[in-house]
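**Q** Provided below are the primary sequence and the corresponding predicted coordinates.
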Amino acid sequence: MTTDLRARRRLQRARQRGVTLVELSIVVVIVGILATLAVFGVSRYLRKSKTAEAVQMIGAIKAGQEAFFDETFRYYDVSGGLADSNLYPTAEGGANWTSKIQWGAGEMATRWATLGVAPAAPVQFRYATTAGLPTEMPNDGIFGTGIDYNLAAVASRPSHWYIALAVGDLDGDGVRSVFIGSSFTNEIFSQNAGE
């Protein structure tokens with residue numbers, strides 16, 4: 001009888017220690033869901049951190065343009081336009097949009113330094129800023145950004161103006177993130193932010 005009692009206790013302990021297949025499946029499903037949420041959250045965080053560079057740089061360009069205007073009563077046309085050929089910095093051997101590029105030296109770097117814009121670290125986005133006289137009110141047909149930043153609303157009160165542009169292809173899929181700031185508004189407009 002003692003042996004029978006011991007055998008029953010061993011069997012009960014074995015049952016208590018074991019995990020059923022259903023319990024194990026539930027744990028695997030929960031871990032899978034948590035992993036999916038973590039991957040999504042991290043990728044979203046990475047995209048936002050990359051677009052933060054563009055927003056910060058547009059802010060620095062806007063501040064530089066306003067400081068230049070305070071001294072000279074006009075905005076500074078650094079790039080001469082907003083076309084791809086006017087973006088800075090440029091990658092050697094063509095536009096490699098997925099890698100960061102160091103803000104270099106030369107004439108364009110000097111022009112950007114006039115605005116006080118010279119980041120110490122390499123940048124993911126490429127930048128341009130152009131400016132004009134009150135008689136040369138811009139329209140998006142000229143710049144072709146595809147973003148409606150409501151220039152018609154300010155055309156009735158012409159003044160000196162500037163537009164700052166940041167362009168980047170963060171994941172190399174050909175879809176570009178575009179950020180635009182201007183003297184017409186304090187807002188920074190974006191298109192495909194983070195792609």
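**A** Cool, the structure landed.
**Q** Go through this protein and flag its longest helix.
**A** Longest helix in the chain, counting residues (DSSP state H): helix 21-72.
**Q** That one packs against which elements?
**A** Applying 3 or more CB pairs under 8 Å, 6 or more residues apart in numbering; DSSP states H and E, one finds that helix 21-72 makes contact with strand 126-132, strand 161-168, strand 177-182, strand 185-191. (Each C-beta comes from the backbone N, C-alpha and C, glycine too.)
**Q** let's see 10 Å
**A** Where contact means 3 or more CB pairs under 10 Å, 6 or more residues apart in numbering; DSSP states H and E, helix 21-72 is packed against helix 107-114, strand 126-132, strand 161-168, strand 177-182, strand 185-191.
**Q** Any idea how far the last one is from the middle of the chain?
**A** Pointing back at strand 185-191 there. 13 Å (CA atoms, centre = their mean, to the nearest Å).
**Q** Pull up the pairing partners for that strand, direction included.
**A** Partner strands and pairing direction for strand 185-191 (DSSP bridges) are strand 177-182 (antiparallel).
**Q** Just the buried positions in the partner strand, please.
**A** Neighbour-count burial for strand 177-182, counted by 16 or more other CB atoms under 10 Å, picks out 177-182.
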